[in-house]
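>>> what's the 3D shape of this:
(one chain, ligands or ions: 1)
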Amino acid sequence: MVAKSTAIAVRISPDSKAVQTPLMMKTPDGVYINIHEAALLNYSAMQLHVENSNYQLTASLVPDAYGNKAYLHAPSHTPWRTIIISDKATDILASKMILNLNEPSKTSNTSWIKPMKFVGVWWEMQTGKGTWNYSDYPDSLGKDGNLIPNGKHSANTANVKKYIDFAAASHIKGVLVEGWNTGWEDWFGNWKENVFDFVTPYPDYDVQEIVRYAKSKGVSMIMHNETSGSATNYERQLDTAYRFMNRFGFPAVKTGYVGKIIPRGEHHDGQWMVNHYERVAEKALEHHVMIDMHEPMRPTGVHRTYPNWMANEAARGNEYNAFTDEGNTPEHETILPFTRLMGGPMDYTPGIFKLKGYAGYAPDRQLHSTLAKQLALYVTLYSPIQMAADLPENYLAKPDAFQFIKDVAVDWDDTKILEAEPGEYITIARKEKGNNNWFLGAITNANGRSADISLQFLQPGKKYIATIYADAADADYQKKPEAYQITKKTVTADMTIHLVLANGGGAAVSFIPVK
Ligand code: NOJ
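Model prediction:
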């Protein structure tokens with residue numbers, strides 16, 4: 001196909017001109033074109049190559065470790081190739097074509113699949129306050145052969161209980177704990193096969209006591225299975241890992257594949273791994289486990305078939321701000337819905353309130369966002385499991401702003417894409433499942449903007465209390481990211497609201513019907 005593009009939102013591999021899909025383009029005369037694939041199963045991901053001279057795109061498959069493209073047994077079929085075209089950017093985001101090209105759900109019993117918000121023993125390791133590992137490598141073993149504690153291990157029973165208390169008090173359903181199982185001393189980049197076993201806790205993490213305590217508070221514990229790239233090791237242990245979760249009542253698992261894939265250094269989006277991820281989803285379905293995959297292939301709507309496959313990472317999330325100086329730039333979240341999220345929900349881990357210096361743990365780092373924008377992301381970046389990613393103390397310091405995270409839904413009856421321009425801005429309103437509450441998120445890139453938003457989406461004749469979480473007048477993602485203001489007013493469907501977004505900012509609004 002030939003498409004001259006003025007704006008291309010793409011991720012380009014450093015070593016080639018290959019572009020991952022979804023590829024989002026806009027022609028000079030204002031036509032939006034989105035190219036991706038649907039139902040990628042038992043095949044390798046498609047990449048596109050840009051021939052600069054004539055704007056022609058050619059497709060190739062991610063090869064396996066030997067350079068072979070794919071292995072098929074006839075009869076067989078390949079994934080769908082999808083092209084979504086419209087003169088409205090909002091139509092691209094509203095399209096359900098990729099999802100609907102996937103096979104229907106493999107199960108009719110979905111009562112155990114429950115969208116939820118969660119907090120986690122996580123950002124404190126990302127920012128360096130604590131560690132995943134219990135000891136410091138290479139001096140991890142004492143003369144007695146036991147691990148020597150480094151005194152900074154975050155996943156300890158007492159600390160985890162604080163998160164459980166915080167989740168319970170905030171009516172947040174889940175608590176994720178990373179670094180709870182042995183192996184984190186030298187897990188990274190070593191290409192070792194059996195680093196983790198997914199069932200052996202560190203000595204300071206009392207699984208039994210933690211699940212008892214969580215249950216008493218009405219909180220669900222979310223399991224973490226980092227494989228350190230050893231997909232073969234994980235496959236061998238899937239049954240054991242999920243039986244362990246069933247036994248202790250963990251309803252969901254976050255998986256991870258950091259590093260080179262064992263065996264052979266297969267690519268994360270080649271056929272071998274595509275099949276691995278499906279086996280994991282299938283096994284999880286069998287065990288009634290919900291999954292949130294990190295370092296997966298980019299999604300292609302397969303969560304229609306596996307409704308327990310709640311979310312994936314598969315693009316730079318908030319954590320990229322924690323371990324890099326440059327971090328995500330402000331237009332990043334205005335592009336993601338047009339690219340990565342076309343294939344399915346993203347575990348972006350929004351909700352960082354301490355945007356500069358991360359409470360002293362990473363003093364030189366800064367998120368390129370305002371606080372109000374972090375709130376808006378709960379609406380603009382769809383996921384049926386959403387993390388409230390910051391440390392409890394940072395939420396407790398700003399309870400009025402945290403109220404939006406407590407209130408915002410994760411499961412929706414209806415979505416209205418109100419405004420969108422890739423790389424520029426997005427405004428979305430969503431209706432909570434099963435009631436009349438609406439939530440709106442508006443975000444912008446590095447440039448501030450204002451918008452008058454018609455409230456036509458609300459139920460006619462009904463009065464709502466709108467709580468508007470906006471950037472303060474002097475907010476700016478670089479200079480004053482944490483400045484916000486909250487106002488309330490009574491609104492109806494025939495009104496408009498005026499939103500003012502700071503540079504790199506956003507606005508979040510809850511609409512709760514007046515009783
Ligand atoms: C990378 C994941 O994306 C991140 O969320 C996780 O904390 C680390 N790996 C450790 O598993």
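>>> Enumerate the residues of the stretch 301-450 of the chain near the ligand.
Applying C-beta under 6 Å from any ligand atom, we find that the stretch 301-450 of the chain lies next to the ligand at Glu313, Glu319. C-beta: built from backbone N, CA, C; applies to glycine.
>>> Just the helices from the stretch 301-450 of the chain, written as ranges.
With helices called from DSSP state H, counting those that start in this stretch, the stretch 301-450 of the chain shows them at 319-322, 332-335, 371-380, 392-396, 399-407.
>>> of all the ones you listed, which lies closest to Asp206?
Asp206 lies closest to helix 392-396 among these, at 20.4 Å (C-beta to C-beta).
>>> Disregarding residues adjacent in the polypeptide, which is nearest to Arg365?
Leaving aside its sequence neighbours, Arg365 sits nearest to Tyr358 (C-beta to C-beta, 6 or more residues apart in numbering; 6.2 Å).
>>> how near is the one you found to Leu367?
Distance, Tyr358 to Leu367, using C-beta to C-beta, to the nearest Å: 8 Å.
>>> Tell me who's in contact with the nearest residue to Ala322 once chain neighbours are set aside.
In space, Ala322 comes closest to Gln126 once its chain neighbours are excluded; the distance is 3.9 Å by C-beta to C-beta, 6+ apart. Applying C-beta atoms under 8 Å, 6 or more residues apart in numbering to Gln126 gives the contacts Glu319, Ala322, Phe323.
>>> shouldn't Ile33 be in contact with Thr21?
No. Ile33 lies out of contact with Thr21 (C-beta atoms under 8 Å); the separation is 11.6 Å.
>>> Give me the phi and psi for the residue lying closest to Ser383 once chain neighbours are set aside.
Counting by C-beta to C-beta, 6+ apart, Ser383 lies nearest to Pro345, which is 4.0 Å off, once chain neighbours are set aside. In this entry, Pro345 is assigned phi and psi values of phi -60, psi 150 (degrees, to the nearest 10).
>>> now Ala493
Backbone geometry at Ala493, expressed as degrees, to the nearest 10, gives phi -60, psi -20.
>>> out of everything not next to it in sequence, what's closest to it?
That would be Leu458: by C-beta to C-beta, 6+ apart, it lies 4.1 Å from Ala493.
>>> more crowded one of Ile33 and Thr21?
Between Ile33 and Thr21, counted using other C-beta atoms under 10 Å, the more crowded position is Thr21 (25 against 17).
>>> Name the next helix or strand downstream of the helix or strand of the chain with the lowest mean pLDDT, please.
Taking mean pLDDT, DSSP states H and E as the measure, the chain has strand 7-9 as its least confident helix or strand, at a mean of 41. Stepping forward along the backbone from strand 7-9, the first helix or strand reached (DSSP states H and E) is strand 18-20.
>>> Run through the neighbouring helices and strands of that next one.
Helices and strands touching strand 18-20, by 3 or more C-beta pairs under 8 Å, 6 or more residues apart in numbering; DSSP states H and E, are strand 46-51.
>>> ok, now which ones touch the residue nearest to Ser383?
With contacts defined as C-beta under 8 Å, 6+ apart, Pro345 is in contact with Pro299, His303, Met310, Ala311, Asn312, Tyr382, Ser383, Pro384, Ile385.
>>> which of the residues you listed lies closest to Ile222?
When the contacts of Pro345 are compared against Ile222 (criterion: C-beta to C-beta), the nearest one is Ile385, at 8.4 Å.
>>> didn't that closest one look like it was pressed against Pro350?
No. Taking C-beta under 8 Å as the definition, Ile385 is not a contact partner of Pro350, at 11.9 Å.
>>> who's more crowded, those two?
For Ile385 versus Pro350, neighbours defined as other C-beta under 10 Å are more numerous around Pro350 (27 against 24).
>>> quick one: the more buried one from Thr110, how far?
From Pro350 across to Thr110, the span is 26 Å (C-beta to C-beta).
>>> Please apply the same query to Pro104.
For Pro104, the distance to Thr110 equals 12 Å [C-beta to C-beta].
>>> Can you name the residue of the stretch 101-250 of the chain nearest the ligand?
The minimum distance from the stretch 101-250 of the chain to the ligand, using C-beta to the nearest ligand atom, falls at Glu226 (3.8 Å).
>>> For that residue, the count of nearby residues, please.
Glu226, neighbours per other C-beta under 10 Å, totals 26.
>>> what residues are up against it?
Going by C-beta under 8 Å, 6+ apart, Glu226 touches Glu178, Trp187, Phe196, Thr255, Gly256, Val258.
>>> As a markdown table, these with secondary structure would be great.
Compiled in a markdown table, these are given as follows (DSSP: H, G, I helix; E, B strand; the rest coil):
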| residue | secondary structure |
| --- | --- |
| Glu178 | coil |
| Trp187 | coil |
| Phe196 | coil |
| Thr255 | strand |
| Gly256 | strand |
| Val258 | coil |
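>>> overlap between those residues and the residues near the ligand?
Subset of the contacts of Glu226 in contact with the ligand: Glu178, Gly256, Val258, counting by C-beta under 6 Å from any ligand atom.
>>> Please report the distance of Glu178 from Glu51.
Going from Glu178 to Glu51 by C-beta to C-beta gives 43 Å.
>>> With neighbour numbers in mind, choose between those two.
Of the pair Glu178 and Glu51, Glu178 is the one with more neighbours under other C-beta under 10 Å, namely 22 against 10.
>>> Now the phi/psi pair for the more buried one, please.
The phi and psi values for Glu178, taken as degrees, to the nearest 10, are phi -100, psi 150.
>>> hey, which helix is longest across the chain?
For the chain, the helix with the greatest residue count under DSSP state H is helix 231-248.
>>> Excluding its own residues, what touches it? List them.
The contact list for helix 231-248, computed with C-beta under 8 Å, 6+ apart, reads 193-199, 207-208, 211, 221, 223, 225, 227, 250-251, 253, 255, 257, 261-263, 266, 273, 276, 279-280, 283-284, 286-289.
>>> Out of those residues, which sit inside strands?
In this view, those that belong to strands under DSSP state E are Met221, Met223, Asn225, Val253, Thr255.
>>> What's the separation between the spatially most central residue of the chain and Gln47?
The centroid of the chain falls nearest to Asp347 when counting by C-alpha atoms, centre = their mean (1.2 Å). Going from Asp347 to Gln47 by C-beta to C-beta gives 23 Å.
>>> wait, doesn't Gly343 sit right on Pro22?
Yes. The criterion here is C-beta under 8 Å, and Gly343 meets it with Pro22 at 6.5 Å.
>>> what sits in contact with each of those two?
Listed contacts common to Gly343 and Pro22 are His36, Arg298; contacts here mean C-beta under 8 Å, 6+ apart.
>>> Let's see the biggest strand by length in the chain as CSV, backbone CA atoms only.
Determined from DSSP E, the single longest strand within the chain is strand 412-421. Output of strand 412-421 as CSV, limited to C-alpha atoms (Å, rounded to 0.1, in the frame of the first residue of the first chain):
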residue,chain,number,x,y,z
TRP,A,412,-17.4,0.0,31.7
ASP,A,413,-20.7,-0.2,29.9
ASP,A,414,-20.0,2.5,27.4
THR,A,415,-17.1,4.6,26.1
LYS,A,416,-17.3,7.9,24.2
ILE,A,417,-14.2,9.1,22.4
LEU,A,418,-14.8,12.8,22.6
GLU,A,419,-11.7,14.3,21.0
ALA,A,420,-8.4,12.8,19.8
GLU,A,421,-5.4,13.7,17.7
